[in-house]
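[1] From the sequence below, what's the structure:
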Amino acid sequence: MGLKPFNVLLKGPLLPQRLQDNLDAHFSTSRLWQQDDQAAWLAEHGASIDALVTSGNALMGANAELLAQLPNLKVICSNGVGYDAIDIAAAEARGIVVTNTPGVLNSCVADTGMALLLDVARHISASDRYVRAGNWQAKGRYPLTTKVGGKVCGIVGLGGIGKELAKRAQAFDMDVHFYNPRSRPDVPYTRHDSLLSLAKQADFLVLTLPGGAATHHLVNAEVLRALGPKGFLINIARGSVVDEQALIAALEAGEIAGAGLDVFEHEPAVPAALLQRDDVVITPHLASSTHETMAAMADLVFENLLAFSQGEAVLTRVV
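    This is a model prediction of the structure:
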């Protein structure tokens, strides 16, 4: 049973393949990234597009320019929890429904945050390189690292991912503090009324807040100085949340102890100054990238689009 001619535009390649297969099986699909001249294709076919399937990362998204070329667009289904790369204001002004995939990725993103925290504290990746380079035999024992248990894990943004991270931190006998714009009386953790206050208390400052204009460069030089020379920054949120040049300067000056980063300001580009440091652990925006989570996200994207196309309420509406 097909639902054609409901026309769906895929902004870029989507994982897993079964999402693309499901969309192909139920809708009339087009792939924008495969067009030799995307502008010409949009000029010819843009008015026929009912739905856009994309993701919230900087390489995909849906900016105002693209939305203007899709004058009859009715719904945007994003494969991801973050939607800062989608022009929400433009979509809302035109009555375009936007959906995302919250909840299903919380555990895996929190796992990655905890893995980065443990790695940068205990130098797992750096000591691995030390052994592989023959330095254990040539230079002897690896230098001492930092204990995690008993330290303060300061979480910035105590949403679904933040709460999952807090559970993992507690399992490692950490003291959980947090900063959140609104109070969270449902949690037993210590709340701070400012980011600076949290940074001063935290041994590990973990970012799990949304991206976008409201949080752009929220972590700046002042916050990093407050974190201090024994403090570590962990970012599993968005690269835009951190002033990357201020972070590099803080690392080079010894103002913080290290960083674990899954996201970057201009990804996939990563500054050479970060790549060269053993006190920085880097992963390629893979926090949600497990077979299980990507499958759950893909199913939620498809279920949202299917519901909309059938005139039913979407499951996870942003606007």
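
[2] alpha carbons only for contacts and neighbour counts from here, please
    Fine.

[3] Hmm, Val75 is touching Asp50, no?
    Yes. If you go by C-alpha atoms under 8 Å, Val75 and Asp50 touch, sitting 6.9 Å apart.

[4] Between these two, which is the more surrounded one?
    Legend: neighbour count by other C-alpha atoms under 10 Å for Val75 and Asp50, higher for Val75 (24 against 20).

[5] per-residue confidence for Leu3?
    What the model reports as pLDDT for Leu3 is 42.

[6] Sorry, wrong one. I was asking about Asn57.
    On the pLDDT scale, Asn57 gets 83.

[7] Please determine how far it is located from Ser240.
    To Ser240, Asn57 is 11 Å away according to C-alpha to C-alpha, to the nearest Å.

[8] isn't Lys147 right up against Arg122?
    Yes. Applying C-alpha under 8 Å, one finds Lys147 in contact with Arg122, separated by 7.2 Å.

[9] Give me the more crowded residue out of these two.
    Neighbours per residue (other C-alpha under 10 Å) separate Lys147 from Arg122, with Arg122 holding more: 16 against 10.

[10] residue contacts, the closest residue to Pro229 other than its chain neighbours?
    Sequence neighbours aside, Ile256 is the residue nearest to Pro229 in space, at 4.0 Å (criterion: C-alpha to C-alpha, 6 or more residues apart in numbering). Counting by C-alpha atoms under 8 Å, 6 or more residues apart in numbering, Ile256 touches 224-225, 227-233, 250.

[11] May I have the phi/psi pair for Ile256?
    phi -130, psi 160 (degrees, to the nearest 10).

[12] Quick one: low-confidence residue ranges for this protein.
    1-4 (pLDDT under 70).

[13] longest helix anywhere in it?
    helix 291-309 (DSSP state H).

[14] Give the buried residues for that one.
    By 16 or more other C-alpha atoms under 10 Å, the buried positions in helix 291-309 come out as 293-306, 308-309.

[15] for stretch 171-190, same thing?
    Buried-residue list, stretch 171-190, by 16+ other C-alpha under 10 Å: 174-180, 189.

[16] before we move on, what about stretch 54-66?
    Within stretch 54-66, the residues that count as buried by 16+ other C-alpha under 10 Å are 54-58, 60-63, 66.

[17] Quick one: end-to-end distance for it.
    End-to-end for stretch 54-66, by C-alpha to C-alpha: 12 Å.

[18] going forward can the numbers begin at 39, since that is how I track them
    Noted, 39 is the first residue going forward, which turns the last one into stretch 92-104.

[19] Need the contact partners of it.
    By C-alpha under 8 Å, 6+ apart, stretch 92-104 touches 48-50, 52, 114-125, 128, 305.
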